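S.K.: Got a predicted structure here, sequence first:
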Amino acid sequence: MTTHSPSANDITRKWYLLDADNQILGRLATRIAKLLMGKGKPDFVRHLDMGDNVVVTNAAKISVTGNKVTEKLYRRHSGFPGGMHVHTFSQVMAKAPERIIISAVSGMLPDNKLHDRMLKHLHVYAGPDHPYQKQFKKIVE
């Protein structure tokens with residue numbers, strides 16, 4: 001008897017639609033990360049990108065607990081000397097709420113060659129509208 005190891009041809013991807021309205025950021029991000037990695041599939045293997053596609057709507061209505069609205073910082077660097085930009089959660093939420101969810105999920109994915117490939121299956125939108133209506137035969141949550 002041999003152990004079946006799935007190949008890239010055996011991968012089938014589903015589409016999931018998640019509404020971030022009044023959801024806690026960390027709990028939603030862990031759920032998205034599991035879907036992107038494909039950990040809920042019975043034939044999961046770590047060396048393949050087996051994850052599903054995830055569309056997140058209403059990213060502007062996400063909530064956080066505690067004092068994170070004022071104390072949580074998002075850092076980015078332009079690559080030039082003195083190019084560090086630091087913004088609070090509320091500043092990033094006002095300008096680009098999609099970046100908050102992408103940043104949280106990105107930190108929960110494994111740091112390997114599949115990280116960027118998995119993250120490409122995540123589609124985040126600030127409002128309720130998205131261009132993937134045809135992908136959903138029935139709405140999952």
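M.R.: Now that the structure is in, tell me what you want to look at. These numbers come from a predicted model, not from an experiment. Numbering: from 1, shown residues only.

S.K.: residues near residue 90, how many?
M.R.: 13 (other CB atoms under 10 Å). C-beta: built from backbone N, CA, C; applies to glycine.

S.K.: same thing with residue 106?
M.R.: 18.

S.K.: quick one: buried residues of the helix or strand hosting it?
M.R.: Using DSSP states H and E, residue 106 sits in helix 97-108. Going by neighbour count (16 or more other CB atoms under 10 Å), the buried part of helix 97-108 is 97-102, 104-106.

S.K.: what's the answer for stretch 115-135, then?
M.R.: Buried residues in stretch 115-135 (16+ other CB under 10 Å): 118, 121-126.

S.K.: Would you state the helices of the protein in chain order?
M.R.: Here the chain has its helices, by DSSP state H, at 25-37, 68-71, 89-95, 97-108, 115-119.

S.K.: what would those look like in CSV with mean pLDDT and distance to residue 9?
M.R.: Shown next, in CSV, are the helices of the chain (pLDDT from 0 to 100; distance: least, CB to CB, whole Å):
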stretch, mean pLDDT, distance to residue 9
helix 25-37, 97, 19
helix 68-71, 94, 43
helix 89-95, 96, 40
helix 97-108, 97, 27
helix 115-119, 97, 16
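
S.K.: Select, out of those helices, the one closest to residue 134.
M.R.: helix 25-37 (19.5 Å; CB to CB).

S.K.: And the buried residues of helix 97-108, which is closest to residue 75?
M.R.: Among the buried residues of helix 97-108, residue 99 lies closest to residue 75 (CB to CB), at 12.0 Å.

S.K.: Disregarding residues adjacent in the polypeptide, which is nearest to the closest one?
M.R.: Leaving aside its sequence neighbours, residue 99 sits nearest to residue 92 (CB to CB, 6 or more residues apart in numbering; 5.8 Å).
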